[in-house]
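> Sequence and predicted structure below; questions after.
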Amino acid sequence: GHGKNCDCGECVQIDEEYLVDLSAAININSVFCLNESEVDGGKKVFKNREEIMDREKYVQSNEGDPELLFYIPFNSQVNIKNMIMVGGEEGSAPLHVKLYINQDHPDFSLMESTTCTQEFECVENASGDIAYELKPNKFKSVTSLTLIVTKSYDVDFSKIYFLSFTGTRTKKKQTVMQGIYELKPLIDKSPVPEKFGNNDMILDD
């Protein structure tokens, strides 16, 4: 099984200094969490790395149902390399998660309708020194990430203290208003015309 010294493809020690913490790229005001026991509890787990051992702020699912769904939008496109998650104590840590990229307005039906981008079993990771390696070819140009906890270790609810992602940011900002997405959903999927230059160009809001 997974453990602190596990070196499988899903667990890696945090030692890649050239990657950046993507916390600043998260549009925290638009984050939501489904089945949380306290309103906006899901936003509390996106902390600075220095707060990884903080136990005051956390999100917990409703008792009797360990599932949690996080919708995490980014304010610029990101490439995600790995994820750190610190779970709760006494069997409340997530045991299994599914990740989906670039899904608008997700809910739990996503698990039935859409193949996840990646899924894996989790370690309790109380000290936060284990990172989950994400498939590099699957998590490029990410505008939003949906994380679904499907079960916890040993109790009928899930608890998470800390959640963060490491990777690289691109300079392509999210510029199209949500209302335009709804009216013309193909705009989001259209390639940028060549005359606008390369991806290093920053589009102002």
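Received, thanks.

> what about the strands in the protein?
Ranges of strands in the chain, per DSSP state E, are 11-13, 20-21, 32-34, 59-60, 68-87, 94-101, 118-121, 130-133, 142-152, 159-173.

> Output the ones you listed in CSV; the columns should cover mean neighbour count, mean pLDDT and distance to residue 107.
Where C-beta positions appear, they are placed from N, C-alpha and C, glycine not excepted. Listed next are those as CSV, based on neighbours: other CB atoms under 10 Å; pLDDT from 0 to 100; distance: least, CB to CB, whole Å:
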stretch, mean neighbour count, mean pLDDT, distance to residue 107
strand 11-13, 16, 48, 29
strand 20-21, 14, 93, 28
strand 32-34, 19, 98, 6
strand 59-60, 22, 98, 17
strand 68-87, 22, 97, 7
strand 94-101, 20, 98, 11
strand 118-121, 16, 96, 17
strand 130-133, 21, 95, 23
strand 142-152, 22, 98, 9
strand 159-173, 20, 91, 19
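
> Dump these into CSV; add distance to residue 42 as well.
Below are those laid out as CSV (distance: least, CB to CB, whole Å):
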stretch, distance to residue 42
strand 11-13, 24
strand 20-21, 19
strand 32-34, 2
strand 59-60, 5
strand 68-87, 6
strand 94-101, 13
strand 118-121, 20
strand 130-133, 18
strand 142-152, 10
strand 159-173, 8
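
> Could you tell me which residues make contact with residue 44?
57, 58, 59 (CB atoms under 8 Å, 6 or more residues apart in numbering).

> go with 6 Å
residue 57 (CB atoms under 6 Å, 6 or more residues apart in numbering).

> of all the strands of the chain, which lies closest to residue 41?
Among the strands of the chain, the nearest to residue 41 by CB to CB is strand 59-60 (4.0 Å).

> Residues contacting the closest one, please?
Counting by CB under 6 Å, 6+ apart, residues outside strand 59-60 touching it are 33, 36, 37, 41, 42, 45, 157, 159, 160.

> I'd like to know which of those is nearest to residue 166.
residue 45 (15.5 Å).

> from the contacts of strand 59-60, which two are the most distant?
Maximum pairwise distance in those, criterion CB to CB, is 14.9 Å, between 45 and 157.

> Now residue 163. Nearest residue, chain neighbours left out?
Among residues not flanking residue 163 along the chain, residue 45 sits closest, at 4.5 Å (CB to CB, 6 or more residues apart in numbering).
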